[in-house]
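> Fold the stuff below for me.
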Amino acid sequence: MLSLAVLFSVLVLTQVAAGDPYNTFDGPGFPACNSVLQVFRPSTVDEIQAIVKDAVNKGQSVRASGNGHMWYDTMCSDDPNTVIIKTDAVNGISDLVLQNGVGSVVVEAGVTFPQVAEWLHQRGASLGYTLAGAMAMGAHRSSLREDSQVSSAALAFDIINGNGDIVHLEKDQSDDTWLSATTSLGLLGVIARVRLAIVSDFKVYANQTIVDEEDVLNGDIYSQISPYVTANYWWWPGQKKFHLRTYGVVPITKPGTAFQSTFSVTDIEGNLALGLLNSGQNLSFPNFATEGIFYGLWSAPNFHDKTLDLPLLSWPVYGFAYDVLIGGLYPNQKPEWEYGLHGKTLELAVPVTQANAFLKRVRELFDQAAAEGKAVTSTYRSFLGQTTERVGERTADWSKGAMMFDFPSFIPTLGDHHRYNEPWYGSLAKTLIDEFPVRPHWTKNTRDIFQQALKNLDQDSIQRFAKVREQFDPKKTFKSVVGEIIGVV
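Numbers count the residues shown, from 1 in each chain. The predicted model follows:
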């Protein structure tokens, strides 16, 4: 039987009928899970444990859910007897320790980046860059110079396993159990608490320059991006240009309160963007015209002064680390998806040592589409970030890290919802997966992409993970489509 506390949680759970889909940040029509039995919203770690134990006794599948970073229907298995544990109300922050500029803090399962960043900022501390859900799914920032995976900041985990018990782990990079927990895909259990490494609060700059496409495709990409704390390229293939965005640390006394947003739009902006992007569903030219407009807009800083809430008009900009590196929504604005601006994406990791060949191949595919009279370009921003993580079975040199190729595109809201030259996107994915040792981002690819890319994953690592999973969840309570495809469920 569930405790009275959990029964109360049932009364305030997210409204969903048995068999309904479960949605995250993108809302209805973009499910993370196609069919679930129930959605619980507990408020304590004890309640999460009670829900897990009750589900195990009933033979139900369980998935923990945060607030986003899930683009496709791969979060759960297709078992309709699945219960969701929405963790956002389990959001305690405690045990701050900060001495000589370094320390730690404990966060609970549902704490978000903005919550912990603001909490630490008020106490003179910072994440350094990083939470439970993001860690579980291998989320990362863009850096070759430093550890870039979010979980690299973890010092300890409390994980609720398949028996509903808490397993405590301390950081040990030589231990398969620890390594499995750092990118568990939610298949070891619910990450209930994380002790994170932190540092004294600090400031950074953000700068952006325009680079000709040929200078990136034929240049030394590693040398261009590795000197920075974090860096990425934004590719505008129709303009044959890149924006190179770089970040670095500045003295804490540096004036500036810059605040970044990549998703905030006003009502006018949202409605205009929707009209522009829909106009390119059946014609090529409008997509190139829209890309040109977006390129011009993105050339200016996507930053406001946090104190005055006024746009910053020139580069570089300066502010506290979290505000500049990640930021959030501007006051009185909404995220773009609330205006019907939804997207599909393909995100693949490729060795930096093959980055030039990879990007040249993408350019060839753009040019081939144009030659066939069906030219395609970016209807969002093609993003090239970096990560220090290296995975792959096919022979490749990952010694310089990985480049993350993120290629989002707008989903038309009209007609059959197909993008212009829809078959090209499938051809792009297949070509890159077949010709390069790429691995898929765990939350930003379709089932088909995972199936195609399985040959590129390191089977030894998967088998080692499967052994750890067997210890944590012998009854296979925690399931997902991704886990099924890679063979660990």
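
> can you pull the buried residues of stretch 425-435?
By neighbour count on 16 or more other C-beta atoms under 10 Å, the buried set for stretch 425-435 is 425, 428-429, 432-433. For every residue, glycine as well, the C-beta is placed using N, CA and C.

> And for stretch 298-316?
298, 301-304, 306, 312, 315-316.

> same deal with stretch 312-329?
Going by 16+ other C-beta under 10 Å, stretch 312-329 has these buried residues: 312, 315-328.

> Repeat that for stretch 161-179.
Applying 16+ other C-beta under 10 Å to stretch 161-179 flags 161-164, 166-167, 169, 171, 177-179 as buried.

> cool, and stretch 407-425?
For stretch 407-425, using 16+ other C-beta under 10 Å, the buried residues are 407-412, 419-421, 424-425.

> Next: stretch 81-89.
82-88.

> Residue 453 belongs to a helix?
Yes - counting by DSSP: H, G, I helix; E, B strand; the rest coil, residue 453 is part of a helix.

> For it, give me its contacts.
348, 433, 438-440, 445 (C-beta atoms under 8 Å, 6 or more residues apart in numbering).

> what do you get for residue 397?
Residue 397 touches 351, 353-354, counting by C-beta under 8 Å, 6+ apart.

> does it sit in a helix, a strand or a coil?
Per three-state DSSP, residue 397 ends up coil.

> Now do it against residue 179, distance only.
For residue 397, the distance to residue 179 (C-beta to C-beta, to the nearest Å) stands at 22 Å.

> follow-up on the earlier one: of the buried residues of stretch 407-425, which belong to strands?
407-410 (DSSP state E).

> what's the burial count for residue 251?
8 (other C-beta atoms under 10 Å).

> And residue 153, what's its pLDDT?
Among the per-residue scores, residue 153 shows a pLDDT of 85.

> Check residue 5 too.
47.

> Same question for residue 12.
The model's pLDDT for residue 12 equals 43.

> next one: residue 25
pLDDT, residue 25: 79.

> any idea which helix or strand carries residue 177?
Using DSSP states H and E, residue 177 sits in helix 176-182.

> could I get the helix ranked longest in the chain in PDB with only the CA atoms?
Scanning the chain for the helix with the most residues, using DSSP state H, yields helix 355-371. Extracted in PDB, the C-alpha atoms of helix 355-371 (Å, rounded to 0.1, in the frame of the first residue of the first chain):
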ATOM      1  CA  ALA A 355      35.500  17.300 -38.000                       C
ATOM      2  CA  ASN A 356      36.700  18.800 -41.300                       C
ATOM      3  CA  ALA A 357      35.800  15.700 -43.300                       C
ATOM      4  CA  PHE A 358      32.500  15.500 -41.600                       C
ATOM      5  CA  LEU A 359      31.500  19.100 -42.300                       C
ATOM      6  CA  LYS A 360      32.700  18.900 -45.900                       C
ATOM      7  CA  ARG A 361      30.500  15.900 -46.400                       C
ATOM      8  CA  VAL A 362      27.500  17.800 -45.000                       C
ATOM      9  CA  ARG A 363      28.300  20.600 -47.400                       C
ATOM     10  CA  GLU A 364      28.400  18.100 -50.300                       C
ATOM     11  CA  LEU A 365      24.900  16.900 -49.300                       C
ATOM     12  CA  PHE A 366      23.600  20.500 -49.200                       C
ATOM     13  CA  ASP A 367      25.100  21.100 -52.700                       C
ATOM     14  CA  GLN A 368      23.700  17.900 -54.000                       C
ATOM     15  CA  ALA A 369      20.200  18.900 -52.900                       C
ATOM     16  CA  ALA A 370      20.600  22.300 -54.700                       C
ATOM     17  CA  ALA A 371      21.900  20.500 -57.900                       C
END
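
> quick one: it to chain centroid distance?
25 Å (C-alpha atoms, centre = their mean, to the nearest Å).

> Does it pack against any helices or strands, and if so which?
Packing partners of helix 355-371 (3 or more C-beta pairs under 8 Å, 6 or more residues apart in numbering; DSSP states H and E): helix 213-217, helix 221-225, strand 402-410, helix 422-435.

> Show me what the following helix or strand past the longest one is packed up against.
Next in sequence after helix 422-435, counting helices and strands by DSSP H and E, comes strand 439-440. The criterion is 3+ C-beta pairs under 8 Å, 6+ apart, and the helices and strands that strand 439-440 contacts are strand 343-351, helix 447-453.

> Tell me the strands beside strand 439-440, with direction?
When pairing is defined by DSSP bridges, strand 439-440 lines up against strand 343-351 (antiparallel).

> mind saving the C-alpha coords of the helix or strand following the helix holding residue 177 as PDB?
Sequence order places strand 190-200 as the next helix or strand after helix 176-182, per DSSP H and E. The C-alpha coordinates for strand 190-200 follow below in PDB (Å, rounded to 0.1, in the frame of the first residue of the first chain):
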ATOM      1  CA  VAL A 190      15.900   7.400  -9.800                       C
ATOM      2  CA  ILE A 191      18.800   9.700  -9.000                       C
ATOM      3  CA  ALA A 192      17.500  11.100  -5.600                       C
ATOM      4  CA  ARG A 193      20.400  13.300  -4.600                       C
ATOM      5  CA  VAL A 194      23.600  14.500  -6.000                       C
ATOM      6  CA  ARG A 195      26.600  16.100  -4.200                       C
ATOM      7  CA  LEU A 196      28.000  18.500  -6.700                       C
ATOM      8  CA  ALA A 197      31.400  20.200  -6.900                       C
ATOM      9  CA  ILE A 198      31.100  24.000  -6.800                       C
ATOM     10  CA  VAL A 199      33.400  27.000  -6.800                       C
ATOM     11  CA  SER A 200      33.300  30.600  -5.700                       C
END
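
> do you know how far the closest residue to residue 335 other than its chain neighbours is from residue 408?
Counting by C-beta to C-beta, 6 or more residues apart in numbering, residue 335 lies nearest to residue 263, which is 4.5 Å off, once chain neighbours are set aside. To residue 408, residue 263 is 12 Å away according to C-beta to C-beta.

> Please consider this matter closed, and thank you.
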